[in-house]
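Chemist: Here is my input; please provide its structure:
(one chain, ligands or ions: 2)
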Amino acid sequence: MAATRKPLLPVDEALARLLHGAEPLGIETIALEHAHNRILATDLFAKRTQPPFAASAMDGYAVRALDAANVGTTLKVIGDVAAGYMFGGVVGAGECVRIFTGAPLPDGTDAILIQEDAEPAGDNHITVTETVTSGTYVRPAGLDFSDGDILLSQGRVLDAGALCLAASGNHASLPVYKKPRIGILATGDELLAPGSTLKPGQIIASNAYGVGAIASEYYAEVIDLGIARDDEKSLKNALQNAIDSQCDVLITLGGASVGEHDLVRSVFISAGMELDFWKIAMQPGKPLMFGKLGNMRILGLPGNPVSSLVCTHLFGVPLICALGGRSYNQVRQKAKLTGPIKANGNREQYARAMIKRTDSGFEASVFENQDSSIISFYANANGLVVRPIDAPAAIAGDDVEFIALTPIGR
Ligand SMILES: Nc1nc2c(c(=O)[nH]1)N[C@H]1C(S)=C(S)[C@@H](COP(=O)(O)OP(=O)(O)OC[C@H]3O[C@@H](n4cnc5c(N)ncnc54)[C@H](O)[C@@H]3O)O[C@H]1N2
Ligand code: MOO
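Modeler: Ligands and ions are numbered 1, 2, ... in the order given. Now for the predicted structure:
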């Protein structure tokens, strides 16, 4: 009788379990200059009105519109006012004030005659060469926003426009969601840091650099927890280190599968981790593990470099976003295959591919060798073609769905 294997957890169910209860970790107040691309944690209200007064939009003369209603009228210039100052007096009939962009309109005036439309008429006088109406080149008080207006909504990414608006609303600091602290732990007796001299059997630990880069792109605080050996003591020490470092999420790399040296799951369970799931229907990424130890979430990624990176995209990023209050949507687009691909098996496949934008849409060239150890293919891929479980073989011209890994050009 054929042995029956336990069915693997579908990718979407695994993701739902991972994100269950994942809420923003807290709020901190930070200086505006450090807030770029952080997420605003509350609605933000204006603490002032902008502009706070009716202001000139041009360099010229502040006039009473009725006085400048006819070409050829001569007006007396009784003073001047620049941005940052107030004109003390009141402008009467037949009078005007020299004014500069951004300056408050003097009392009595209601329009700006731009200097191109005025001619000097000697002895502090000008002649009107174009007429104005009330409000010409005047920015009314509160044109941009008024004191108490809502400037930005909770959840807003603090991009260039948002930062400029917050500053103008007189906020020197902003409440933002805390960055999730993501500890990254490589595991494996064979691993040494880049730059090391390798003995036979050893390789370089590379995954943490890619995983850390992806986590940083989503504004996680990345904590390098080094390399643990494949033994209980080393793994338990590393786990304690993650706890002491107040990691919100511990990402482990490797040691997730079924061999005698794949100890992460069993050691962590013996140290108190509550296992949520292990093994999912995904290629690459089958031995993915998720559990919790106290408040710390533990995401165990398979050690094959491409598995580590693809799982970070698919699981690490949504988790980091949920904990950091950042909205996240996985965007899938359609592309036409440039060549044939084989039928898929019993795991949803995220196939490394080169995606090209053409006049008629996207084209996907899927790498023939999808071995999850091949970093160079991942480094040259800009998309993951998503192949459902048991998808039949496909040929050039067939439609597939893909997830972009980087912005896609031509
Ligand atoms: N009998 C079975 N064997 C395996 C299965 C299975 O279902 N049955 N699953 C395979 C799959 S799929 C994967 S993926 C791998 C993942 O295994 P582990 O998570 O236990 O990973 P390791 O064995 O520790 O490492 C795999 C591979 O990657 C290298 N590695 C590990 N960490 C790093 C790192 N930080 N930087 C660079 N390279 C790393 C490691 O040396 C190995 O070559 O298991 C299959 N086996
Ligand atoms: O599922 Mo493993 O991550 O393919 O190589």
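
Chemist: Check Glu260 and give its pLDDT.
Modeler: pLDDT for Glu260: 87.

Chemist: what kind of secondary structure is it in?
Modeler: Assigned with DSSP: H, G, I helix; E, B strand; the rest coil, Glu260 falls in the coil class.

Chemist: Distance-wise, check it relative to ligand 2.
Modeler: 18 Å (Cβ to the nearest ligand atom, to the nearest Å). Placement of C-beta: from N, CA and C, glycine included.

Chemist: For that residue, the count of nearby residues, please.
Modeler: Glu260: 6 surrounding residues under other Cβ atoms under 10 Å.

Chemist: right, and Thr29 touches Tyr177 too?
Modeler: No. Using Cβ atoms under 8 Å as the test, Thr29 is too far from Tyr177 to be in contact (11.3 Å).

Chemist: Looking at the two, which one has more neighbours?
Modeler: Set Thr29 next to Tyr177 and count neighbours by other Cβ under 10 Å: Tyr177 wins out with 22 against 10.

Chemist: pLDDT at that one, what is it?
Modeler: Note on Tyr177: pLDDT of 98.

Chemist: ok, now which ones touch the closest residue in space to it that isn't next to it in sequence?
Modeler: Counting by Cβ to Cβ, 6 or more residues apart in numbering, Tyr177 lies nearest to Gly325, which is 3.4 Å off, once chain neighbours are set aside. Going by Cβ atoms under 8 Å, 6 or more residues apart in numbering, Gly325 touches Pro24, Ile39, Ala41, Gly155, Tyr177.

Chemist: give me the number of residues near the third one?
Modeler: Close neighbours of Ala41, defined as other Cβ under 10 Å, add up to 20.

Chemist: Also the first one?
Modeler: Around Pro24 sit 18 other residues, with neighbours defined as other Cβ under 10 Å.

Chemist: what's around the nearest residue to Asp159 once chain neighbours are set aside, how many residues?
Modeler: Counting by Cβ to Cβ, 6+ apart, Asp159 lies nearest to Asn37, which is 6.8 Å off, once chain neighbours are set aside. The local packing of Asn37 (other Cβ under 10 Å) involves 15 other residues.

Chemist: from memory Asn37 sits against Tyr219, does it?
Modeler: Yes. Asn37 is within contact range of Tyr219, at 6.3 Å (criterion: Cβ under 8 Å).

Chemist: Pass me the low-pLDDT residue ranges in the chain, would you?
Modeler: Residue ranges of the chain with pLDDT under 70: 1-4, 410.

Chemist: which bits of it sit near ligand 1?
Modeler: Contact residues (Cβ under 6 Å from any ligand atom) of the chain with ligand 1: 186, 188, 190-191, 203, 205-208, 253-258, 262, 284, 286-287, 302-305, 307, 372.

Chemist: Where strands are concerned, which of these count?
Modeler: Residues of these located in strands (DSSP state E): Ala186, Leu191, Ile203, Leu253.

Chemist: my read: the third one touches Ala193, true?
Modeler: Right, the one you point to is Ile203. No. If you go by Cβ under 8 Å, Ile203 and Ala193 don't touch, sitting 11.2 Å apart.

Chemist: What residue in the stretch 101-250 of the chain comes nearest to ligand 2?
Modeler: Going by Cβ to the nearest ligand atom, ligand 2 is nearest to Asn207 of the stretch 101-250 of the chain, at 11.8 Å.

Chemist: Report how many residues lie close to that residue.
Modeler: For Asn207, the count of nearby residues is 26 (other Cβ under 10 Å).

Chemist: And for Thr129?
Modeler: For Thr129, the neighbour count with other Cβ under 10 Å is 13.

Chemist: Can you report phi and psi for it?
Modeler: Here is the backbone geometry of Thr129 (degrees, to the nearest 10): phi -110, psi -10.

Chemist: again, but for Ile214
Modeler: phi -60, psi -40.

Chemist: check contacts around it.
Modeler: Neighbouring residues of Ile214 by Cβ under 8 Å, 6+ apart: Leu309, Thr312, His313, Gly316, Val317.

Chemist: Taking these, tell me the two that lie furthest apart.
Modeler: Of all pairs drawn from the contacts of Ile214, the greatest distance, 11.0 Å, lies between Leu309 and Val317 (Cβ to Cβ).

Chemist: do you know how far the closest residue to Ala220 other than its chain neighbours is from Ser308?
Modeler: In this structure, Ala220 finds its nearest non-sequential neighbour in Ile182, 4.3 Å apart by Cβ to Cβ, 6+ apart. Distance of Ile182 to Ser308, computed by Cβ to Cβ, to the nearest Å: 13 Å.
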